[in-house]
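>>> model this:
(one chain, ligands or ions: 1)
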Amino acid sequence: MTTPVLQDQVALVTGASSGIGAAVAVALAAAGAKVGVNYARSSKGAEAVVDEIKTAGGEAIAIQADVSKEDQVLSMFEQIYQAYGTIDILVNNAGLQQDSSFTEMTLEQWNNVIDVNLTGQFLCAREAAKEFIRRGVVPQKSCSAGKIICMSSVHEVIPWAGHCNYAASKGGVMLLMKSMGQELASHKIRVNSIGPGAIKTPINQDAWNTPEAEADLLNLIPYNRVGVPMDIGKAAVWLASDQSEYVHGTTLFVDGGMTLYPGFATGG
Ligand code: NAD
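Below you'll find the model as predicted:
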């Protein structure tokens with residue numbers, strides 16, 4: 001029998017009570033990791049994810065924290081250390097949209113999105129990096145001292161009218177990830193992003209929950225299928241494992257080709 005690729009490693013997935021985060025938590029656990037399933041407010045979704053993991057023979061705990069609040073992030077990491085002693089993998093997944101035309105966008109909408117999508121990633125990555133540096137490489141577990149995976153978006157490179165706050169947050173995540181990668185590589189910490197395309201989750205239901213909306217969306221996806229959360233879960237397992245040891249400071253787009261400028265397939 002082969003050893004699961006994340007055997008004995010501890011992972012924390014933020015915003016893991018639904019959508020992509022839930023699938024990533026389940027996939028990491030199936031690959032052998034013990035998983036902290038973070039949720040912002042209601043524990044219901046997170047408890048369901050923990051139950052699913054435990055039913056499959058894995059190990060997980062639900063942890064409440066608003067990732068945009070420093071004191072709550074510190075307490076979340078304390079809870080992970082109390083439960084599992086350390087951390088090996090951080091998946092910075094929590095995110096939200098608050099859409100508006102540019103001229104109507106309020107400062108509150110701008111701040112809410114930047115606080116969660118960008119500042120939240122900074123706060124969690126900083127705490128994880130401190131522990132990775134303190135503990136160093138444990139060769140029995142992984143060649144790296146730790147792995148940080150930032151959930152970005154195709155909108156780190158594709159501008160998005162009506163969503164300036166969101167696109168700015170993901171563009172920020174791209175250079176946060178690369179700058180952390182540059183600074184932390186000497187500690188054998190790997191930092192990468194996943195850039196999902198359109199994935200069927202609660203965040204973007206309006207874009208796929210009617211046949212007309214889905215047909216419209218498919219015009220943007222050369223591979224002609226809307227993504228599902230486990231497409232991202234599988235990519236996260238690979239990026240967190242030593243299978244991708246030499247992959248560092250890059251965004252893996254998992255988007256059915258959405259970043260290929262599909263309009264140019266027939267025009268231009
Ligand atoms: P989702 O709404 O199901 O998941 C977002 C999660 O983040 C939710 O569980 C939510 O409770 C949590 N969250 C929000 N604010 C939080 C906070 N302050 N603290 C902790 N958790 C918080 O949507 P999703 O599509 O699964 O989104 C997950 C990530 O994937 C986001 O970063 C999103 O930007 C990114 N993404 C999604 C798509 C897509 O098509 N679904 C595409 C590109 C990128």
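>>> near the ligand, which residues of this structure?
14-15, 17-21, 38, 40, 66-68, 93-96, 116, 120, 151, 153, 196, 198-199, 201-204 (Cβ under 6 Å from any ligand atom). C-beta: built from backbone N, CA, C; applies to glycine.
>>> Take those residues and keep only those in helices.
19-21, 120 (DSSP state H).
>>> closest to the ligand among these?
Top of the list for closeness to the ligand, among these and by Cβ to the nearest ligand atom, is Gly19 at 2.3 Å.
>>> Which members of the ones in helices among the residues of the chain next to the ligand are classed as buried?
19-21, 120 (16 or more other Cβ atoms under 10 Å).
>>> the helices in the stretch 1-150 of the chain, which residues?
For the stretch 1-150 of the chain, helices defined by DSSP state H, counting those that start in this stretch occupy the ranges 19-30, 44-55, 70-84, 107-114, 120-135.
>>> Could you look over those and pick the most buried one?
Burial of these is given as mean neighbour count (mean count of other Cβ atoms under 10 Å); helix 19-30 ranks first at a mean of 27.
>>> now it against helix 44-55, angle please.
Relative orientation of helix 19-30 versus helix 44-55 (axes from the mean of the first three to the mean of the last three Cα atoms, to 10 degrees): 20 degrees.
>>> From the contact counts, what lies against helix 19-30?
For helix 19-30, the elements it packs on are strand 10-13, strand 34-39, helix 44-55, strand 59-64, strand 89-92, helix 229-240, judged by 3 or more Cβ pairs under 8 Å, 6 or more residues apart in numbering; DSSP states H and E.
>>> And the fifth one, how far out from the chain middle?
For strand 89-92, the distance from its own C-alpha centre to the chain's C-alpha centre is 7 Å (Cα atoms, centre = their mean, to the nearest Å).
>>> One more: the third one?
Distance of helix 44-55 from its chain centroid, counting by Cα atoms, centre = their mean, is 18 Å.
>>> Ok, the first one next?
How far strand 10-13 lies from its chain's middle: 11 Å, per Cα atoms, centre = their mean.
>>> Which part of the stretch 51-200 of the chain gets nearest to the ligand, residue-wise?
For the stretch 51-200 of the chain, Cβ to the nearest ligand atom, closest residue to the ligand: Gly95, 2.3 Å.
>>> dump the residue contacts of that residue.
Taking Cβ atoms under 8 Å, 6 or more residues apart in numbering as the criterion, Gly95 is in contact with 15, 116-117, 151, 169, 203.
>>> Help me confirm that His187 comes into contact with Ile133.
Yes: the pair His187 / Ile133 is scored as a contact, 5.1 Å apart, by Cβ atoms under 8 Å.
>>> picking up where we left off before, can you name the two of the buried ones among the ones in helices among the residues of the chain next to the ligand that are farthest apart?
The distance between the two most remote of these (Cβ to Cβ) is 15.7 Å, for Gly19 and Gly120.
>>> related to what we said a few turns ago, and the helices of the stretch 1-150 of the chain as JSON lines, adding mean pLDDT?
Output for the helices of the stretch 1-150 of the chain, formatted as JSON lines (pLDDT from 0 to 100):
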{"stretch": "helix 19-30", "mean pLDDT": "98"}
{"stretch": "helix 44-55", "mean pLDDT": "98"}
{"stretch": "helix 70-84", "mean pLDDT": "98"}
{"stretch": "helix 107-114", "mean pLDDT": "98"}
{"stretch": "helix 120-135", "mean pLDDT": "99"}
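>>> circling back to that earlier point, the helices and strands packed on helix 19-30 into CSV, with extra columns for distance to Pro159?
Shown next, in CSV, are the helices and strands packed on helix 19-30 (distance: least, Cβ to Cβ, whole Å):
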stretch, distance to Pro159
strand 10-13, 28
strand 34-39, 30
helix 44-55, 32
strand 59-64, 35
strand 89-92, 22
helix 229-240, 22
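>>> Figure out which of those is closest to Phe264.
Closest among the helices and strands packed on helix 19-30, using Cβ to Cβ: helix 229-240, at 23.9 Å.
>>> buried stuff in the closest one?
Neighbour-count burial for helix 229-240 [16+ other Cβ under 10 Å]: 229-237, 239-240.
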